[in-house]
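In: quick one, fold the following:
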Amino acid sequence: MKKRNQWPVLPLVAGLASGLLTGCGSESGESGGNGSTVVLGMSDDVLATDPASGYDPGSWLLFNNVFQSLLSFPKGATEPQPEAAQTCAFADTETKVYKCTLKDGLKFSNGDSLTSQDVKFSFDRMLKINDDAGPAVMFPTLDKVETPDEKTVVFQLNTPDATFPSKIASGAGSIVDHRQYDADGLRKDGKAVGSGPYKLEKFGENEAVFAVNEHYKGSAETQNSGVTLKFFHGDQTALKKALMNGDVDIAYRGLTAGDIADIDKADDGSGVEVVEGSSAEIQHLVFNMDDPVAGKRGVRKAIAHLLDRDALIKDVYQGTATPLYSIIPAGIAGHNTAFFDTYGARPSKAKAEAALRADGITGKVRLTLWSTPSRYGPATDQELKTIAQQLNASGLFDADVKSVAFDQYEKDIAAGKYGVYVKGWVPDYPDADNFTAPFFGDGNVLGNNYSNSTITGSLIPRTAAQSDRSATDKEYSELQDIVADELPVLPVWQAKQYAVVHDGVYGVESCLDASTVFRFWELSKS
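Out: Numbering: from 1, shown residues only. From the prediction side, this is the model:
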């Protein structure tokens, strides 16, 4: 079966410090509800409808369609452009003062006016609540938000941060109505009031219903009259059945690699086709640097020399991912191949054994690889079992795999109970900063007790201050080389994005790019 081509990824344009202005095209999106309702199915859950809490792919899918940010990522682009803002720019040469002017006439879906007060309220509220499952962790550089008038917002940063525009263009920059949200606590009624292209009509256990927001004013032009999002709660079999039975028009995030391969090979008479797009989603093995086994560099180097990514992707993912040899994925400026250069692509028992012996390890290494069954993809358990088999086949390891529910998994990682575990990452914004600072900066999200003073004290601050993002390649290359040498993580794969659609459904190509924004408004059905 023929795959549709993805929307091309546009090159990163240097100079985020320069002003961002709306173009000469449409300033106000269409909100008339053209076309039919589109039914989208996915196995991910939406864990939050309040943007001060959600920090997962399902929640951000909701945020990106119900709420506006000051900036947004156009389809195929990696640099943000104005959305609720008319203009945005750094007001200084140090990238510490960022100023935005709002468009005229902005309104929330309930008809309330959107002003600078709402923008300030949204950021102040998110930081004050500081929810463990929320995006406040993305804004350590934000000192305060000022509102000189109803249309002007000024962000004062405590350190230079040239990536700040990309951060506020993500779901973390969602603007909420200050009249509808508690400044001190999360909204828990399953409702949402935003100013995005859609309004949330209904949110239940098994589906969410979105209608076109007639008050929306922005860059999106809706091609449908609404979207129904059906949740399959990790049940890939049920999602595939619903797709093939015509109960959903699009299956997104959750079909197994085998399902995608089977559908792709099917006769054209099946009425469905696979749409492939680019992705910056990645997965790493993470090593607890304080663990008595994984904390030994010889053990980590041996695993790096034995991991066969090509076989793993062929056998487990059936070509739906690509080998990853660095912490910054291909397609993101700053990417290099540090792990390929250091450990090669072909497994080497001799090099693995030499690494163990150099660390004084002579017997088999007993090791447990920890997994969680669905959070990082439906094949995660199978993937780790395959890696354990690769290690054991060398005769150097006695490895097994244990899988626990995600809530317990996170608690055990925080308690330091695991030596080797898996972490996946769907980027918040398409910049190398988002693949380095969260993992290796102060208070990193990995929970693996790793710190390097060169990275935290020099490389991350220097790259964050550089407004010309193309000028950070040298620093990011050094950072990646350090990580490859010290091995706190081992990159495994970079995903490809897939959706499977029925004939007569269009626009999905515009939803699958490195920004990870799934744009409901691009979808249409004949």
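In: how about the strands of the stretch 51-200 of the chain, start to end?
Out: 71-72, 81-82, 85-90, 97-102, 142-149, 152-157, 198-203 (DSSP state E, counting those that start in this stretch).
In: pick the most deeply packed of the ones you listed.
Out: Neighbour counts (mean count of other Cβ atoms under 10 Å) averaged over each of those peak at strand 71-72, with a mean of 24. Placement of C-beta: from N, CA and C, glycine included.
In: before we move on, the earlier item: between the strands of the stretch 51-200 of the chain, which one is nearest to Ala294?
Out: strand 142-149 (34.9 Å; Cβ to Cβ).
In: could I get the strands of the stretch 51-200 of the chain as TSV with distance to Asp442 and mean pLDDT?
Out: Listed next are these as TSV, based on distance: least, Cβ to Cβ, whole Å; pLDDT from 0 to 100:
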stretch	distance to Asp442	mean pLDDT
strand 71-72	26	98
strand 81-82	31	96
strand 85-90	23	97
strand 97-102	22	98
strand 142-149	15	98
strand 152-157	16	98
strand 198-203	36	98
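In: need these in CSV (columns: distance to Lys167).
Out: Shown next, in CSV, are the strands of the stretch 51-200 of the chain (distance: least, Cβ to Cβ, whole Å):
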stretch, distance to Lys167
strand 71-72, 9
strand 81-82, 15
strand 85-90, 12
strand 97-102, 10
strand 142-149, 9
strand 152-157, 10
strand 198-203, 23
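In: of all those, which lies closest to Leu324?
Out: When those are compared by Cβ to Cβ, strand 71-72 sits nearest Leu324, at 27.4 Å.
In: contacting residues around Arg309?
Out: Listed by Cβ atoms under 8 Å, 6 or more residues apart in numbering, the contact set of Arg309 reads 323-324, 345, 492-493.
In: ok, back up a step: looking at the strands of the stretch 51-200 of the chain, which is closest to Tyr418?
Out: Closest among the strands of the stretch 51-200 of the chain, once you apply Cβ to Cβ, is strand 142-149, at 32.2 Å.
In: so which elements touch the closest one?
Out: Applying 3 or more Cβ pairs under 8 Å, 6 or more residues apart in numbering; DSSP states H and E, one finds that strand 142-149 makes contact with helix 116-129, strand 152-157.
In: and Ala257, which of the ones you listed is closest to it?
Out: The nearest among the helices and strands packed on strand 142-149, by Cβ to Cβ, is helix 116-129 at 36.0 Å.
In: tell me the angle the closest one makes with strand 142-149.
Out: Interaxial angle, helix 116-129 versus strand 142-149 (axes from the mean of the first three to the mean of the last three Cα atoms, to 10 degrees): 160 degrees.
In: picking that back up, show me which of the contacts of Arg309 are buried.
Out: Among those, those classed as buried by 16 or more other Cβ atoms under 10 Å are 323-324, 492-493.
In: which one of those is nearest to Gly377?
Out: Nearest member of the buried ones among the contacts of Arg309 to Gly377, counting by Cβ to Cβ, is Trp493, at 9.5 Å.
In: residue contacts, the residue lying closest to Phe439 once chain neighbours are set aside?
Out: Of all residues not flanking Phe439 in the chain, Leu446 sits nearest, at 5.6 Å (Cβ to Cβ, 6 or more residues apart in numbering). Applying Cβ under 8 Å, 6+ apart to Leu446 gives the contacts 286, 423, 439, 488-489.
In: pLDDT at Leu446, what is it?
Out: Model confidence at Leu446, expressed as pLDDT, equals 94.
In: for the residue nearest the centre of the chain, what are its contacts?
Out: Nearest to the mean C-alpha position of the chain, by Cα atoms, centre = their mean, lies Val426 at 2.3 Å. Applying Cβ under 8 Å, 6+ apart, one finds that Val426 lies in contact with 57, 280-281, 516.
In: please repeat the previous calculation with a cut-off of 6 Å.
Out: 57, 281, 516 (Cβ atoms under 6 Å, 6 or more residues apart in numbering).
In: what is the neighbour count of the first one?
Out: The local packing count at Pro57 equals 20, with neighbours defined by other Cβ atoms under 10 Å.
In: that one: what's its closest spatial neighbour, skipping adjacent residues?
Out: Pro57 sits nearest to Val426 (Cβ to Cβ, 6+ apart), 5.1 Å away.
In: so where's the stretch 401-526 of the chain shaky on pLDDT?
Out: Counting by pLDDT under 70, the stretch 401-526 of the chain has no low-confidence residues at all.
In: now the strands for it?
Out: Counting by DSSP E, counting those that start in this stretch, the segments of the stretch 401-526 of the chain that form strands are 420-425, 489-495, 497-502, 505-506, 524-525.
In: and for the residue lying closest to Thr163 once chain neighbours are set aside, the neighbour number?
Out: Distances taken as Cβ to Cβ, 6+ apart put Asp433 closest to Thr163, at 4.5 Å, once the chain neighbours are dropped. By other Cβ under 10 Å, the residues close to Asp433 number 26.
In: before we move on, what about Ala484?
Out: Around Ala484 there are 23 residues (other Cβ under 10 Å).
In: next one: phi and psi at the residue nearest to it when sequence neighbours are not counted?
Out: In space, and not counting its chain neighbours, Ala484 is closest to Ala338: 3.8 Å by Cβ to Cβ, 6+ apart. Dihedral pair for Ala338: phi -60, psi -40, per degrees, to the nearest 10.
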